[in-house]
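**Student:** starting from these lines, generate the structure:
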Amino acid sequence: MGATLTLGWQMTDDNMPRSWLDGVNPLDRAEPLETYVVDADSLRNHSLLFAQSGSGKSFFVGRLIEEMALHTKARIVVLDPDSDYSLFHEPNLGIYDNPRYNALERSGVLPTERDAVKFTEPWKTVPIHHLSANLQIPVTKLVPHVFLGDLDQQANFAYASALMMAGRVASYLESNWESSKIELGVTCNSPTLDHVLRALDICVTASDRVVDVKRLGIKLGNHADNLAKEIARPGADPIALSKAHLELSASNSALEQELDNLARLTTEQALGFVKMQLRIAGTRLAVAHPSQNIFTRPDVYIVDTPTFSTTTMRASMLQHVVDELWDLHELEIRSGKLSTPTFLFIDEAHQIIPSDVFARPAASTTRESLRRIAAEGRKYGIYLFLISQRPDKLDPWVASECRNKIIMRVGNLRVFREAALAIGLTDAQTDELAEVVRFGTGRAFVLGPIAAAGNPQPDRTTGAAKFYVAARRTREGSAKLGAEWLGERI
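**Tutor:** This is a model prediction of the structure:
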């Protein structure tokens, strides 16, 4: 066994932490602790955590990430939709003040260190990056139907072409900034989104001349001749492409009518909408490409998704993160220098990788990217850790690739059975593990390689081990509803 991760405490048959039942803190005793530990290497498989609200899943995931950050050199990327990890860099010292288990309430926050220093000192060495305000997406990497949302099918082509035009303008300005800034009358060292929007205004003004490359080049100025040719190229502009298709398809009246409808959505209209979306995104977008991949270092990265104000920007951020990780590992594979695995934690995974993408067509691109990781991730050193309240609503192709399974409290037996079928439990396992509907907060079953490499060993019949989750030692960032609302108004 390599590096070991301490995830919790061994439980009695009635799901109580055995070491804490006599009222004496086991951390004060000399004998070995009855903790539950796993081999870190067993996590080099895709994993799925199934748990409903109030089960303690963010508490458990926080504990797991802490252990991985302290005892491995893995790259850890957390997509955080509820800001649970916005304070992950701050230790929660309160858990060490007289910890105990309340047998009557069947609950307790139970650390595995005697005092805070044993955690806080090594935790200071863990590099944690909160990618919130400083995470930018290059305009050239925006995926049209992810960034623009689910548009009308007839309009999709024109809007996608307009966004790709914006990407080409950004790329052109970045590559030809010294000459371009003279034409734009600016003196800054690098182009900004505002410069891209101004250049797009020029393209809109010239949209009626889009086929006449020579006149367009004159209108935009000599320095923009190459850009004008690129914009006028069939496939770049919806009007030009529509006309080209009409000439080739004159005998097909149905196609001609369809293309004629598309041509009515002018470049000016499409670019107007795209410019509005770019303005809304604002500082979240970058014109220049970063000098290196944002995940180059094998550190802990927290992506606080609520800081992205719109649904389409959150979707674009996710796609960008997935693309960056894949590009990084693909480059390392090609160079023969793959040395650090990446673990990508995705909360509310059923919303990001839904089984029904027809309800949300924009999700199809991200789903395919994550399917690729699910299928080939082990070869590239990228591992998914999916967290979901409803794995039956998760893409079954991705769910089927998750060998590690963690199940915490589920409030409804019907929901559990539906989810058990979706994650591949046998009938016998489903029947035996149905006690999760009676689990209190902080109890968990684990199955798969993580259970096989755990101590103590899993049950021979179900292949599952169960434990009481040890204390998360970092602060939770999301707000929790307290009991104050139950008081009298006056």
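**Student:** need the pLDDT of the spatially most central residue of the chain.
**Tutor:** Within the chain, the residue whose C-alpha comes closest to the C-alpha centroid is residue 79; the distance, by Cα atoms, centre = their mean, is 4.1 Å. Looking at residue 79, its pLDDT reads 93.
**Student:** and it, what element?
**Tutor:** Secondary structure assigned from DSSP states H and E places residue 79 in strand 75-80.
**Student:** just the buried residues of the next helix or strand after that strand, please?
**Tutor:** Using DSSP H and E, the helix or strand that directly follows strand 75-80 along the chain is helix 117-123. Neighbour counts using 16 or more other Cβ atoms under 10 Å place 119, 123 of helix 117-123 among the buried residues. C-beta: built from backbone N, CA, C; applies to glycine.
**Student:** and helix 117-123, how far out from the chain's middle?
**Tutor:** Taking Cα atoms, centre = their mean, to the nearest Å, one finds the center of helix 117-123 at 28 Å from the center of the full chain.
**Student:** report all helices and strands that it contacts.
**Tutor:** For helix 117-123, the helices and strands in contact under the criterion 3 or more Cβ pairs under 8 Å, 6 or more residues apart in numbering; DSSP states H and E are helix 57-71.
**Student:** and the helix it packs on, what does it pack against?
**Tutor:** The criterion is 3+ Cβ pairs under 8 Å, 6+ apart, and the helices and strands that helix 57-71 contacts are strand 4-10, strand 47-50, strand 75-80, helix 117-123, strand 342-346, strand 382-388, strand 464-469.
**Student:** what strands line up against the first one, and which way round?
**Tutor:** Going back to what we said before, that points to strand 4-10. Using DSSP bridges, the strands paired with strand 4-10 in its sheet are strand 35-39 (antiparallel), strand 464-469 (antiparallel).
**Student:** show the contacting residues for the nearest residue to residue 477 once chain neighbours are set aside.
**Tutor:** Spatially, and ignoring its direct neighbours in sequence, residue 477 is nearest to residue 86 (3.3 Å; Cβ to Cβ, 6 or more residues apart in numbering). Residue 86 makes contacts with 80, 130, 132, 302, 304, 477, 478, as judged by Cβ atoms under 8 Å, 6 or more residues apart in numbering.
**Student:** check the gap between residue 86 and residue 313 for me.
**Tutor:** Relative to residue 313, residue 86 is positioned 18 Å away (Cβ to Cβ, to the nearest Å).
**Student:** over to residue 458?
**Tutor:** Using Cβ to Cβ, one gets 43 Å for the distance from residue 458 to residue 313.
**Student:** these two - which one has more neighbours?
**Tutor:** When neighbours are counted by other Cβ atoms under 10 Å, residue 313 comes out ahead of the other of residue 458 and residue 313, with 22 against 19.
**Student:** for residue 201, grab the count of nearby residues.
**Tutor:** Residues near residue 201, counting by other Cβ under 10 Å: 12.
**Student:** hmm, back to that, nearest to residue 320, of the helices and strands packed on helix 57-71?
**Tutor:** With distances scored as Cβ to Cβ, the stretch of the helices and strands packed on helix 57-71 nearest to residue 320 is strand 75-80 (11.5 Å).
**Student:** tell me what that closest one is packed against?
**Tutor:** Taking 3+ Cβ pairs under 8 Å, 6+ apart as the contact definition, the neighbouring helices and strands of strand 75-80 are helix 57-71, strand 300-304, helix 311-335, strand 342-346.
**Student:** which residues are contacting the third one?
**Tutor:** In this case it means helix 311-335. 77, 79, 135, 137, 141-143, 146-149, 277, 280-281, 284, 293-296, 303, 305, 308, 338-339, 342, 344, 352, 362-363, 365-366, 369-370, 372-373, 379-382.
**Student:** which of these fall within helices?
**Tutor:** In this view, the contacts of helix 311-335 that belong to helices under DSSP state H are 146-147, 277, 280-281, 352, 363, 365-366, 369-370, 372-373, 379-380.
**Student:** tell me the two of these that are most distant?
**Tutor:** Spatially, the most separated pair among those is 280 and 379, at 38.5 Å (Cβ to Cβ).
**Student:** which one of the two has more residues nearby?
**Tutor:** Remark: of residue 280 and residue 379, residue 280 carries more neighbours, 13 against 10, as counted by other Cβ under 10 Å.
**Student:** mind listing what residue 63 touches?
**Tutor:** By Cβ under 8 Å, 6+ apart, residue 63 lies in contact with 7, 8, 469, 470, 471, 472, 473.
**Student:** buried only: go through these for me.
**Tutor:** Neighbour counting by 16+ other Cβ under 10 Å classes 7, 8, 469, 470, 471, 472, 473 among the contacts of residue 63 as buried.
**Student:** as CSV, the strands paired with strand 4-10 with distance to residue 449 and mean pLDDT would be great.
**Tutor:** Converted to CSV, those look like this (distance: least, Cβ to Cβ, whole Å; pLDDT from 0 to 100):
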stretch, distance to residue 449, mean pLDDT
strand 35-39, 9, 97
strand 464-469, 12, 96
